[in-house]
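Participant: Mind folding the following:
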Amino acid sequence: MTRCAFPTPKGRRMNTRPAACLVGAVTVAVSALAVPPAGAAAGPRCADLARTVLAGSHVKSISSELVPATATLPAYCQVDLVPTRAVDVRVTLPLSPADSGTGGTYIGAWNGRVLNTGGGGYGGDLGDLGVPVLRGEVGSVTDTGHSSAWCDATDPKTGKANAQPACGEAGGGFVLSPSGELNTQQVDDFIDRSLHEQTVWALSLAKSYYGRAAQRNYWVGGSTGGRQGWEMAQKYGDEYDGFLLGYPAVNWNRFIIGEAWPAVVVNELLGPGGLSPAKSDAANAAAVAACDPADGVTDGVVADPRRCAFDAREVRGLTAAEAEAVDLIWDGPRDAHGNRLWGGITRGTTFEVLLPGGNTMSPLIETYVRNWLQQDPGYDWRKNLTMENFPRFFEASYRKFEKTAATDSTDLSKARRKNAKILAYTGTNDPLILPFNSYNYQQRLFRRYGVQGTRSFVRTFYFPGVGHTEPDLTGTTDARSRLLDVLEAWTEHGRAPESFGQKGPVTGTGRTICAYPDTAAAPGAGAPCTTRTSVPADLAAESTTVLDRP
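Facilitator: All right, here's what the predicted structure looks like:
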């Protein structure tokens with residue numbers, strides 16, 4: 001393994017796009033990925049990649065090593081680097097001819113694609129790249145610009161730690177210094193800069209290692225990784241060919257504060273005892289029983305929870321205050337005039353994620369309130385947040401990060417001009433990133449581009465009964481890989497996805513999931529899709545908030 005460290009030469013100005021000077025143009029194939037002509041330039045061996053190719057660059061540190069094959073993965077070349085600040089990037093590369101790589105459709109063991117992979121939660125570590133390794137694709141990932149070690153390290157300028165101990169509650173305290181100041185550079189790295197770095201370096205290293213530029217460049221991720229993909233589509237859409245985005249955390253400055261609502265409601269209406277999980281489970285079970293048959297199939301799943309209007313006052317065993325709390329949580333926060341601020345937990349979805357134990361706030365949400373919004377890791381939301389003042393806190397979050405961390409722009413003009421394709425999906429019973437988040441962003445895309453204009457390059461699928469995970473698709477046990485295959489077929493061969501088959505909760509059952517807002521013409525598996533040129537008025541209204549903008 002070779003390790004190199006390259007300080008920035010004195011007096012040299014950093015490029016505004018770090019490492020961009022190392023990136024060759026990405027060759028876009030008009031059909032299938034093709035084998036390069038004989039005599040293509042040969043690159044270095046993996047062991048020499050860091051030393052011989054990147055000497056003289058601006059990276060702070062870099063290493064390259066050949067990772068041997070295992071029982072589950074083929075051998076590959078791994079590069080770890082710190083291109084700037086505390087941003088860690090990892091790139092994995094299928095073996096080149098110089099390292100005896102074979103079997104790929106482009107060069108060596110490589111198929112010509114780059115698969116940039118998103119992370120989860122508040123980042124802070126390097127995620128798994130097994131998927132691109134198995135698929136013969138160059139993979140990349142970043143820790144988004146911080147780690148526990150970085151948070152605990154001493155800042156030489158202040159003599160104090162960089163951020164909260166071990167990055168704070170749920171890892172969200174990396175943005176807050178010990179003196180209570182917001183680390184704006186860390187916010188920027190987390191939201192988009194580190195992601196662009198990983199993409200730039202994946203493309204650069206691929207060209208250096210193989211002697212040829214990548215033919216296709218993709219982003220894939222779920223949750224935070226889905227949000228990251230939307231961010232790249234919004235800001236750097238012309239640098240990618242396709243995006244696979246699952247249950248994404250878009251609308252960053254709104255969805256997180258919006259999901260503090262269940263805890264605020266329960267704290268105010270029910271006090272320290274809260275709402276027992278048994279009672280919220282009973283309310284959700286009653287809602288499913290009431291609304292499940294609406295789609296013509298009684299299978300324990302509500303096809304579209306937005307159309308379920310079940311009232312918790314009908315649930316036996318709930319007090320009047322408990323029923324009121326449940327209905328408010330299902331509805332979501334509103335302002336003093338009754339205008340919607342954000343959506344609520346969908347009926348039939350567990351409260352346990354956003355309301356652990358029935359009486360507290362999810363650490364993932366609480367850490368945002370404390371470290372991002374209030375800049376006080378000891379902030380007591382129980383004493384300060386009420387249903388009455390919640391709209392003020394909601395707007396404060398929106399305004400504070402409107403320019404830096406919103407991830408809510410509907411301007412996808414760069415991706416559209418590039419003819420990039422975006423395949424998105426969400427479970428309608430996601431208990432962590434509520435499906436309202438995706439419906440809201442989708443509705444604003446429709447307002448900007450029209451339904452058909454949007455669907456020409458963005459297809460979104462909503463899977464009933466699915467939580468914060470991949471859907472259970474018919475015909476496969478690996479939904480992520482199947483979805484990637486569909487995205488690549490759309491991008492490279494023009495085969496736009498119209499529907500997916502979803503396995504039912506009982507063997508032999510299932511349903512057709514159509515590209516939104518299309519619907520299946522009949523219940524059950526295998527039904528064709530009925531085309532819709534607009535979203536029904538009630539669902540459009542249900543997905544819109546008072547703060548929305550085109």
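
Participant: what secondary structure does the residue nearest the centre of the chain sit in?
Facilitator: Closest to where the C-alpha atoms of the chain average out (C-alpha atoms, centre = their mean) is residue 226, at 1.9 Å. Following DSSP: H, G, I helix; E, B strand; the rest coil, the label given to residue 226 is helix.

Participant: pLDDT score for it?
Facilitator: Confidence at residue 226, expressed as pLDDT, is 98.

Participant: which residues touch it?
Facilitator: 118, 245, 246, 247, 248, 249, 250, 424 (C-beta atoms under 8 Å, 6 or more residues apart in numbering). Placement of C-beta: from N, CA and C, glycine included.

Participant: Can you show me the helices along the stretch 301-450 of the chain?
Facilitator: 320-331, 363-367, 381-384, 390-400, 413-418, 436-449 (DSSP state H, counting those that start in this stretch).

Participant: Columns mean pLDDT and distance to residue 548 on top of the ones you listed, output as a markdown table?
Facilitator: Output for the helices of the stretch 301-450 of the chain, formatted as a markdown table (pLDDT from 0 to 100; distance: least, C-beta to C-beta, whole Å):
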| stretch | mean pLDDT | distance to residue 548 |
| --- | --- | --- |
| helix 320-331 | 98 | 17 |
| helix 363-367 | 98 | 22 |
| helix 381-384 | 97 | 26 |
| helix 390-400 | 98 | 11 |
| helix 413-418 | 97 | 19 |
| helix 436-449 | 97 | 6 |
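
Participant: Would you reformat the ones you listed as TSV and include mean neighbour count and distance to residue 80?
Facilitator: TSV is the format used below for the helices of the stretch 301-450 of the chain (neighbours: other C-beta atoms under 10 Å; distance: least, C-beta to C-beta, whole Å):
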stretch	mean neighbour count	distance to residue 80
helix 320-331	20	44
helix 363-367	21	28
helix 381-384	14	39
helix 390-400	18	34
helix 413-418	18	29
helix 436-449	22	33
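
Participant: what about the stretch 401-550 of the chain, any weak spots by pLDDT?
Facilitator: Scanning the stretch 401-550 of the chain for pLDDT under 70 picks out the ranges 507-508, 549-550.

Participant: at 80 instead, please
Facilitator: Within the stretch 401-550 of the chain, the ranges that satisfy pLDDT under 80 run 506-509, 549-550.

Participant: OK, contacts around the closest residue to residue 237 other than its chain neighbours?
Facilitator: Spatial nearest neighbour of residue 237, chain neighbours left out: residue 415 (2.8 Å); criterion: C-beta to C-beta, 6 or more residues apart in numbering. Shown in contact with residue 415 (C-beta under 8 Å, 6+ apart): 233, 237, 238, 240, 243, 422, 457.

Participant: among those residues, which are in helices?
Facilitator: residue 233 (DSSP state H).

Participant: May I see the PyMOL selection of the buried members of the contacts of residue 415?
Facilitator: With 16 or more other C-beta atoms under 10 Å as the criterion, this PyMOL line picks the buried residues out of those:
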select buried, resi 233+237+240+243+422+457
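
Participant: Is it possible to get a markdown table of the contacts of residue 415 that adds distance to residue 466?
Facilitator: Putting these into a markdown table (distance: C-beta to C-beta, whole Å) gives the following:
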| residue | distance to residue 466 |
| --- | --- |
| 233 | 23 |
| 237 | 27 |
| 238 | 32 |
| 240 | 26 |
| 243 | 20 |
| 422 | 19 |
| 457 | 24 |
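
Participant: measure the closest residue in space to residue 356 that isn't next to it in sequence to residue 448 for me?
Facilitator: Leaving aside its sequence neighbours, residue 356 sits nearest to residue 362 (C-beta to C-beta, 6+ apart; 6.3 Å). Residue 362 sits at a distance of 32 Å from residue 448 (criterion: C-beta to C-beta, to the nearest Å).

Participant: now do residue 474
Facilitator: Counting by C-beta to C-beta - residue 474 and residue 448 are separated by 33 Å.

Participant: got it, and residue 76?
Facilitator: From residue 76 over to residue 448 the distance is 41 Å, taken as C-beta to C-beta.

Participant: tally of neighbours for residue 272?
Facilitator: 9 (other C-beta atoms under 10 Å).

Participant: can you map out the helices along the stretch 51-200 of the chain?
Facilitator: Secondary structure of the stretch 51-200 of the chain (DSSP H, counting those that start in this stretch): helices located at 130-135, 148-152, 184-188, 194-210.

Participant: In PDB, list the C-alpha atoms belonging to the longest one.
Facilitator: Output for helix 194-210, consisting of C-alpha atoms alone and laid out as PDB, is shown next (Å, rounded to 0.1, in the frame of the first residue of the first chain):
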ATOM      1  CA  SER A 194     -18.200  16.500   0.200                       C
ATOM      2  CA  LEU A 195     -20.700  14.800  -2.100                       C
ATOM      3  CA  HIS A 196     -19.300  16.700  -5.100                       C
ATOM      4  CA  GLU A 197     -15.800  15.900  -4.000                       C
ATOM      5  CA  GLN A 198     -16.500  12.200  -3.900                       C
ATOM      6  CA  THR A 199     -18.000  12.300  -7.400                       C
ATOM      7  CA  VAL A 200     -15.100  14.300  -8.900                       C
ATOM      8  CA  TRP A 201     -12.600  12.000  -7.400                       C
ATOM      9  CA  ALA A 202     -14.300   8.900  -8.500                       C
ATOM     10  CA  LEU A 203     -14.300  10.100 -12.100                       C
ATOM     11  CA  SER A 204     -10.700  11.300 -11.800                       C
ATOM     12  CA  LEU A 205      -9.400   8.100 -10.300                       C
ATOM     13  CA  ALA A 206     -11.200   6.000 -12.800                       C
ATOM     14  CA  LYS A 207      -9.600   7.800 -15.700                       C
ATOM     15  CA  SER A 208      -6.200   7.600 -14.100                       C
ATOM     16  CA  TYR A 209      -6.400   3.900 -13.300                       C
ATOM     17  CA  TYR A 210      -7.900   2.700 -16.500                       C
END
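
Participant: Now the element after it, going C-ward?
Facilitator: strand 216-222 (DSSP states H and E).

Participant: ok and that following strand relative to helix 194-210, angle-wise?
Facilitator: Here strand 216-222 runs at an angle of 140 degrees relative to helix 194-210 (axes from the mean of the first three to the mean of the last three C-alpha atoms, to 10 degrees).

Participant: by contact count, what packs against strand 216-222?
Facilitator: The contact analysis (3 or more C-beta pairs under 8 Å, 6 or more residues apart in numbering; DSSP states H and E) places strand 216-222 against strand 113-117, helix 194-210, helix 224-236, strand 242-246, helix 479-493.
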